[in-house]
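Trainee: structure for the following, please:
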Amino acid sequence: MNDSLLVLGVLAAAAAGLWAWRRYHPVSFWYGVGFPARAVLVYLTWHHVASGCKLTRNRRRFRLTLDAVPVVGPASRSAATVVEHKRRVRRVNVERSPRLGILRPTRLGWRMRLRLHDGQVPADYEKAAEGIAHAWRVHSVRVVDVRPGRVTLWATMRDPLVEVVTVPETGELLTVRPGKLENGRDWLIDFRAVPHWLNVGATQSGKSNLANALLKGLAPQPVALVGFDLKGGVEFTPYAPRLSALATTRKESVDLLVELVGEVENRMATCRAHGARNVWTLPEALRPVPVVVLVDEVAELFLMADKSEKEQVAKTATTLLRVAQLGRAFAVYLVVCGQRVGSDLGPGVTALRAQLSGRVCHHVNDPETANMALGDLDPAALDAARAIPAETPGVCIVAGQDGSWHRARSVYVPEHEAEQAARDFAHLTPDWESLVGSAPIVRPAA
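Mentor: Reported below is the predicted structural model:
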């Protein structure tokens, strides 16, 4: 009796210790206990999981078997049956699962590399990802790091985007951390690496919140912010203290875009005069102020009420496209937002989309907008964007110029915080008239 109580006490103490370890030190518990247990489960069940997801292949193998053959002759008429065992080599079908590599732990799950069978492609594993996730009782399984003959599966135990806390800024020029990625890392927008962005989403999907996060992150930096808001300025007017220029009508938009193109051409001439490929290789004294252009509801720039606006729309599309084509090398960057972005707005939108290498797609109301944002990058990213539920504002699919994509969620930035940031850093706002005239055409010395 005493021995039984002692064993029960030890087990209770061990259970309490494991609970406390997991409760107060979850990271070390995962690496010390959780991941090893999961790794054993994965290795033991992999063949059955692969078979259930139709990832196995039948291969013919030769096997040595022993067959029982009755002896024919006088001995067979005796009471006891005489049997002779003969060895035979037979060809049999053996079901083989893909070869599983070493599991490598991450903070939220693990990664494992697989060798593909002959005739298999990564798309086979993308189709089976949901089934694998259910079999292993994890949040999600994704195919990443595709190489010839190999794929890497990334399993995530829980959804890190359920709650996203405030992310500290990097302090680096033209970089903003608006939220978190699904792999637990910070979501980093670096305009020098990915200069132009397309941000689409329905009402209350988080599109405007991302714009608030970008403005709040860029406000303390030595950059010029320019806004286009054809909804009468109701979105960007509260941020006017930090905006160097704001266009609220179509005519103002055309005039402002013409000035932006002129500024880009001036910077181009300055770089040419000093033998520089871009503004970042200019001497610091000649380096112009970076300009970040925020466009709200890009559809308003391309819609026509009647034929009288056709010329203005065409000029708007042409100048905006020229800014996108030339802006990267000359420190002029675009963030184009919209609820509805489709080919029905005209060929100018499709041409502009090709220049926006960064894509952010929130929950959208129509599939064409999601297709416009992600359809030319990765079909899997498009499927993930269409699956974003409406009740998860801020959740989005982020794709960069390298072709990779991630689920992400932006930190909630109330409008009053963005407005306060605009007021706090209003003294950093460059004057637009002096900015446009600050980069005259510099001719090389004779």
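
Trainee: any weak-confidence spans in this protein?
Mentor: 1-3, 59-94, 167-168, 170, 305, 308, 401-403, 437-446 (pLDDT under 70).

Trainee: domains of it?
Mentor: Per automatic domain parsing, the domain ranges recorded for the chain read 79-158, 175-436.

Trainee: pick the most buried one from those.
Mentor: domain 175-436 (a mean of 19; mean count of other Cβ atoms under 10 Å). In this view, the C-beta of every residue, glycine as well, is placed from N, C-alpha and C.

Trainee: all helices of the stretch 251-400 of the chain, in order?
Mentor: When secondary structure is read from DSSP state H, counting those that start in this stretch, the stretch 251-400 of the chain shows helices at 299-302, 310-327, 347-355, 367-374, 379-386.

Trainee: closest to E419 out of these?
Mentor: Taking Cβ to Cβ as the criterion, E419 comes closest to helix 299-302 out of the helices of the stretch 251-400 of the chain, the separation being 22.4 Å.

Trainee: what sits up against that closest one?
Mentor: 228, 230-231, 250, 253, 295, 313, 316-317, 320, 338-341, 345-346, 348-349 (Cβ atoms under 8 Å, 6 or more residues apart in numbering).

Trainee: could you do stretch 341-352 as well?
Mentor: The contact list for stretch 341-352 (Cβ under 8 Å, 6+ apart) reads 198, 200, 298-299, 302-303, 313-314, 317-318, 320-321, 324, 336, 353, 366, 368-369, 372-373.

Trainee: helices or strands up against the helix or strand hosting R423?
Mentor: When secondary structure is defined using DSSP states H and E, the element that contains R423 is helix 415-424. If contacts are counted by 3 or more Cβ pairs under 8 Å, 6 or more residues apart in numbering; DSSP states H and E, helix 415-424 sits against helix 207-218.

Trainee: send me the helix it packs on as CSV with only the CA atoms.
Mentor: Output for helix 207-218, consisting of C-alpha atoms alone and laid out as CSV, is shown next (Å, rounded to 0.1, in the frame of the first residue of the first chain):
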residue,chain,number,x,y,z
LYS,A,207,-6.3,47.1,-45.6
SER,A,208,-6.6,50.6,-44.0
ASN,A,209,-5.1,49.3,-40.8
LEU,A,210,-2.0,48.3,-42.7
ALA,A,211,-1.8,51.8,-44.2
ASN,A,212,-2.0,53.2,-40.7
ALA,A,213,0.8,51.0,-39.6
LEU,A,214,3.0,52.1,-42.5
LEU,A,215,2.3,55.7,-41.9
LYS,A,216,3.0,55.3,-38.2
GLY,A,217,6.3,53.5,-38.9
LEU,A,218,7.5,55.9,-41.6
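
Trainee: what about L114, distance to W154?
Mentor: For L114, the distance to W154 under the criterion Cβ to Cβ, to the nearest Å works out to 12 Å.

Trainee: thought E297 was touching G227?
Mentor: No: taking contacts as Cβ atoms under 8 Å, E297 lies outside contact range of G227: 11.6 Å.

Trainee: which helix or strand contains the most centrally placed residue in the chain?
Mentor: Nearest to the geometric centre of the chain sits H406, at 2.5 Å (Cα atoms, centre = their mean). Taking DSSP H and E as the criterion, the element that holds H406 is strand 405-410.

Trainee: E309 contacts R250, doesn't it?
Mentor: Yes: judged on Cβ under 8 Å, E309 makes contact with R250 at a distance of 6.9 Å.

Trainee: nearest to R242, of the helices of the stretch 251-400 of the chain?
Mentor: Of these, nearest to R242 by Cβ to Cβ is helix 310-327, at 20.0 Å.

Trainee: now do that closest one: distance to the chain's middle.
Mentor: 28 Å (Cα atoms, centre = their mean, to the nearest Å).

Trainee: is it correct that L246 falls within a helix?
Mentor: No: using DSSP: H, G, I helix; E, B strand; the rest coil, the assignment for L246 is strand, not a helix.

Trainee: count of neighbours near T166?
Mentor: Neighbours of T166 under the rule other Cβ atoms under 10 Å: 10.

Trainee: check contacts around it.
Mentor: For T166, the set of contacting residues under the criterion of Cβ under 8 Å, 6+ apart consists of V411.

Trainee: how far away is it from G119?
Mentor: According to Cβ to Cβ, T166 stands 49 Å off from G119.

Trainee: so how far is W405 from G149?
Mentor: Between G149 and W405 the computed distance is 23 Å (Cβ to Cβ).

Trainee: OK, contacts around L326?
Mentor: The contact partners of L326, by Cβ under 8 Å, 6+ apart, come to 261, 264-265, 268, 332.

Trainee: 6 Å instead?
Mentor: V264 (Cβ atoms under 6 Å, 6 or more residues apart in numbering).

Trainee: go on, A399?
Mentor: Contacts for A399 were tallied using Cβ under 6 Å, 6+ apart; they are 359, 377, 381, 405.
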